[in-house]
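Student: Just the structure for this:
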Amino acid sequence: MSTADLLLKINALPSNLRKEVEDFIDALLKRKDQDPPKQKSIPFGKFKGKIRIADDFDGPMEDFKDYM
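Tutor: Residues are numbered from 1 along each chain as shown. Just a heads-up that it's a prediction; the model follows:
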């Protein structure tokens, strides 16, 4: 969409909605200037010993016996 097309659509809006569009654009411009939040990496082995998988994890399930 070109800038001219966008301006035509904005100008077709009533004044109260044009104000909302202006506020939304201002919010987008503020967000653009902010640095994205940095994700903290989880150190390898942090959850060692805290997660347990059952011995029969890969075994057949009783609930699905009719389908097997």
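Student: same for whichever strand or helix holds Leu7, what does it pack against?
Tutor: Assigned by DSSP states H and E, Leu7 belongs to helix 3-11. For helix 3-11, the helices and strands in contact under the criterion 3 or more CB pairs under 8 Å, 6 or more residues apart in numbering; DSSP states H and E are helix 15-33. In short, each C-beta sits where N, CA and C put it, glycine included.
Student: Any chance you could list what contacts the helix it packs on?
Tutor: The contact list for helix 15-33, computed with CB atoms under 8 Å, 6 or more residues apart in numbering, reads 10-11, 13.
Student: Output that helix as CSV - backbone C-alpha positions only.
Tutor: As requested, C-alpha coordinates have been extracted for helix 15-33 and formatted as CSV (Å, rounded to 0.1, in the frame of the first residue of the first chain):
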residue,chain,number,x,y,z
SER,A,15,-12.1,13.2,13.0
ASN,A,16,-12.4,11.1,16.2
LEU,A,17,-11.1,8.0,14.4
ARG,A,18,-8.3,10.0,12.8
LYS,A,19,-7.2,11.0,16.3
GLU,A,20,-7.1,7.3,17.2
VAL,A,21,-5.0,6.6,14.2
GLU,A,22,-2.6,9.4,15.1
ASP,A,23,-2.3,8.0,18.7
PHE,A,24,-1.7,4.5,17.3
ILE,A,25,1.1,5.8,15.0
ASP,A,26,2.7,7.6,17.9
ALA,A,27,2.7,4.5,20.0
LEU,A,28,4.2,2.5,17.1
LEU,A,29,7.0,5.1,16.7
LYS,A,30,7.8,4.9,20.4
ARG,A,31,7.9,1.1,20.3
LYS,A,32,10.2,1.3,17.2
ASP,A,33,12.8,3.4,19.1
